[in-house]
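Need a 3D model of the following:
(chains A, B, C and D)
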There are 2 protein chains.
Amino acid sequence: MASQQKTSRKAAGTRAAIRRPQARAANGRANGGDTGDDIGLDALVGHAGYAVRRFQLWIFQDFVKTLATVDIRPTQYSVMTVIGANPGLSQMAVAKRLGIERARLVHLLDSLEERAFVSRIPSATDRRSHALHLTGRGKTALAQFKRLAAEHERHVADKIGKENRERLLQILACFT
Amino acid sequence: MASQQKTSRKAAGTRAAIRRPQARAANGRANGGDTGDDIGLDALVGHAGYAVRRFQLWIFQDFVKTLATVDIRPTQYSVMTVIGANPGLSQMAVAKRLGIERARLVHLLDSLEERAFVSRIPSATDRRSHALHLTGRGKTALAQFKRLAAEHERHVADKIGKENRERLLQILACFT
DNA sequence: GAAAGATTGTTGTTGACGACAACAATTGAT
DNA sequence: ATCAATTGTTGTCGTCAACAACAATCTTTC
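Residues are numbered from 1 along each chain as shown, chains lettered A, B, ... in the order given. Below you'll find the model as predicted:
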């Protein structure tokens, strides 16, 4: 598997002096490759997926940073929010609503239950399923999380603009 | 670590019939937890991160599906696009431009080099770095990838609307 | 009412991905 | 000449999506 490539650095006995033809970007600007910035992307701009990926990365990092003091990640926050708004929901229902695998939700609930934010109560009507509830501690914690999340949301507004954020939410409303 | 919870299913000798108080959603609608759909999210709507996450998931899945015949993932496509538009770039420059770790780029380039799409040419000016180029095969392949990516982009436009897509790209232009 | 099929929670594996730490080779600065 | 910084590489760790299997349980069907 490309071993001759991977070990090229260490097995580089004779390093041929291949001329680099002073690569000129397709957008017409020269790029020495040193700064790493101001490099043309060409076809990459205009791809929604690329912009969304970069934005999602930024927004998640800010969320994690803003909620670092309470050690809550975006997925955990979404789970607690849905349970808080719809107590008694089953794990399947939460997973389907949030678009996460039920296998993944198991671990998420494990960690939230360890911290006594959520409790799995056996359902009376269906002995397979659990009715998910927030504990008292979970409710007060979620209230604080929401305040911090609102602060994070202000960071987003500061980054892309208040009205652009509103527009974004409106455009992507069909995915929530 | 919550072992009493994890093994509750199997070690459930006596299952207490705990009453589920017919959970009523905060939005006022009852939710049996069976459908899993039409569940209130409350505070979750209005969170940009959540909408963006769901959208990013959808868009990546469609990208992978649309480019399944050529077995190219979004990150691979972005790497080839940048190299194609800026031949001779170093790995550091590409990594910095795309916002991916240089450690990660190593594996990406390994796979692309195995398939003879990209070649690492030793730089003449800096014997530490590699000048990245598309091979002939890589160039023709990228042309096909771009056609498929354009088809994927049409899927996006069909999903959120042509003008909304334009607006989205404009809003998130600061992240590209 | 019993058998067959579907559902729910769980465990496990796989792979992509971001983050971080170390390292050798090399370059640049002092 | 010496020390710090850079580049590619290797490795580990944790998150996450996707998938497959399984036991317990519910639902359907005969």
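
In three-state terms, label the nearest residue to A:His133 once chain neighbours are set aside for me.
Leaving out its chain neighbours, the residue that sits closest to A:His133 by Cβ to Cβ, 6 or more residues apart in numbering or on different chains is A:Pro87, at 5.0 Å. The C-beta positions use only the backbone N, C-alpha and C, and glycine is treated the same way. Counting by DSSP: H, G, I helix; E, B strand; the rest coil, the backbone at A:Pro87 sits in coil.

Identify the residues contacting A:Pro87.
Contact analysis of A:Pro87 by Cβ atoms under 8 Å, 6 or more residues apart in numbering or on different chains lists A:Ala131, A:Leu132, A:His133, A:Leu134, B:Ala23.

From those residues, pick the one nearest B:Gln144.
A:Leu132 (47.2 Å; Cβ to Cβ).

quick one on the thing from earlier: separation between the residue nearest to A:His133 and DNA strand C?
From A:Pro87 over to DNA strand C the distance is 14 Å, taken as Cβ to the nearest atom of the strand, to the nearest Å.

do the same with A:Ser119
From A:Ser119 to DNA strand C the distance is 12 Å (Cβ to the nearest atom of the strand).

That residue reaches A:Leu109, doesn't it?
No - using Cβ atoms under 8 Å, A:Ser119 makes no contact with A:Leu109, being 9.5 Å away.

So which of those two has more stuff around it?
The neighbour comparison of A:Ser119 against A:Leu109 (other Cβ atoms under 10 Å in any protein chain shown) goes to A:Leu109, with 24 against 19.

and the gap between the residue nearest to that one when sequence neighbours are not counted and A:Thr81?
Leaving aside its sequence neighbours, A:Leu109 sits nearest to A:Val118 (Cβ to Cβ, 6+ apart; 6.0 Å). A:Val118 sits 11 Å away from A:Thr81, going by Cβ to Cβ, to the nearest Å.

what's the answer for A:Lys96, then?
Taking Cβ to Cβ, one finds A:Lys96 at 15 Å from A:Thr81.

Looking at the two, which has the bigger crowd around it?
The neighbour comparison of A:Lys96 against A:Thr81 (other Cβ under 10 Å) goes to A:Thr81, with 23 against 17.

what does the helix or strand that one falls within contact?
Using DSSP states H and E, A:Thr81 sits in helix A:74-85. For helix A:74-85, contacts defined as Cβ under 8 Å, 6+ apart pick out A:60, A:63-64, A:67, A:72, A:89, A:94, A:97-98, A:100, A:105, A:108-109, A:111-112, A:117-118, A:132-134, A:138-139, A:141-142, A:145-146, A:149, B:25-27, B:39-44, B:49-50, B:53.

Out of these, list just those in strands.
A:Val118, A:Leu132, A:His133, A:Leu134 (DSSP state E).

which of those has the most neighbours?
A:Leu132 (29 neighbours).

so it bridges to which residues?
Here A:Leu132 sits in beta bridges with A:Leu89, A:Arg120, going by DSSP bridges.

For the longest helix that chain A contains, what does the pLDDT average out to?
The single longest helix within chain A, with elements called by DSSP state H, is helix A:136-160. For helix A:136-160, mean pLDDT is 95.

Between helix A:74-85 and it, find me the angle.
120 degrees (axes from the mean of the first three to the mean of the last three Cα atoms, to 10 degrees).
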